[in-house]
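Asks: Fold the following.
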Amino acid sequence: MAYRGIGVLAARCFSLLSCRSLGLAPRALPSSSRQSWELYRPTYVGSGVLWHRLCSDEASADVPKYDTEYFENLVKGKPVVLFMKGSPEAPMCGFSKLVVRILQMHGLESYVHYDVLQDVDFKEGMKKFSNWPTFPQVYLQGELLGGSDIMLQMHQSGDLAQEFEKIGHKSTLSDVDEKQH
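Replies: The predicted structure follows:
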């Protein structure tokens, strides 16, 4: 059973305090990092405490939560995937808002998006996976297209409409260009 909430914190503090007050040190105590605390639970043995690793289905520090395969599965097989701060309805930064507007201008209203602000580990894992340090990040057919600066540059040059055609989406701006010529 995983320990959660205030009761867990109180139990952990009590077990450490009771051990220390008796002059005992917990055996097999993990490092003091937050992740390590979540992976162990106390077992009381007489006046001492043994720390046992939680079951593998509850947590594991050995297996990364977000690995390369995880992110590959998020982007593969999908025409457009946007990793951004916030959501398309409520972008949390100007660069994410810019990318959403560019996608809207090209008539892309339906695409997969992920809010990287919801989970720090997800955000950091995505940076490592893409080898791209900033957000937003746009993927077309599983390939990183770039961030807001590249999207804006491609939009202004007309290359973005061509990229959308490669994935089977006819940009609404292509129609405007054809009418002008």
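
Asks: Which parts of this structure are strands?
Replies: 40-45, 48-53, 80-84, 86-87, 90-91, 112-115, 137-140, 143-146 (DSSP state E).

Asks: What score does Ser130 have for pLDDT?
Replies: For Ser130, the pLDDT comes out at 95.

Asks: Tell me where the model's unsure across the protein.
Replies: Residue ranges of the chain with pLDDT under 70: 1-64, 175-181.

Asks: how does it look with 50?
Replies: Applying pLDDT under 50 to the chain flags residues 1-60, 181.

Asks: mind listing what the nearest residue to Ser148 once chain neighbours are set aside touches?
Replies: In space, Ser148 comes closest to Phe95 once its chain neighbours are excluded; the distance is 4.0 Å by C-beta to C-beta, 6 or more residues apart in numbering. C-beta coordinates here come from the backbone N, C-alpha and C atoms, glycine included. Contact analysis of Phe95 by C-beta atoms under 8 Å, 6 or more residues apart in numbering lists Lys85, Thr134, Phe135, Pro136, Gly147, Ser148.

Asks: residue contacts, Gly168?
Replies: The contact partners of Gly168, taken as C-beta under 8 Å, 6+ apart, are Pro79.

Asks: For stretch 86-99, list every residue counted as buried.
Replies: Within stretch 86-99, the residues that count as buried by 16 or more other C-beta atoms under 10 Å are Gly86, Ser87, Pro88, Pro91, Cys93, Phe95, Ser96, Lys97, Leu98, Val99.

Asks: any chance you could map the helices in the chain?
Replies: Here the chain has its helices, by DSSP state H, at 5-21, 34-39, 68-75, 94-105, 120-130, 148-157, 159-166, 172-180.

Asks: sorry, back to before: let me know the closest of the contacts of Phe95 to Thr68.
Replies: Distance to Thr68, by C-beta to C-beta, is smallest for Phe135 among the contacts of Phe95, at 18.2 Å.

Asks: tell me the contacts of that closest one?
Replies: By C-beta under 8 Å, 6+ apart, Phe135 lies in contact with Phe83, Met84, Lys85, Cys93, Phe95, Ser96, Val116, Lys123, Met126, Gly147.

Asks: Most neighbours of all these, which one?
Replies: Most neighbours among the contacts of Phe135, by other C-beta atoms under 10 Å: Phe83, with 28 neighbours.

Asks: residue contacts, the nearest residue to it once chain neighbours are set aside?
Replies: Using C-beta to C-beta, 6+ apart and skipping residues adjacent in sequence, the residue nearest Phe83 is Gln137, 4.5 Å away. Each residue near Gln137 by C-beta under 8 Å, 6+ apart is listed here: Leu82, Phe83, Met84, Met126, Ser130, Leu144, Gly146, Gly147.
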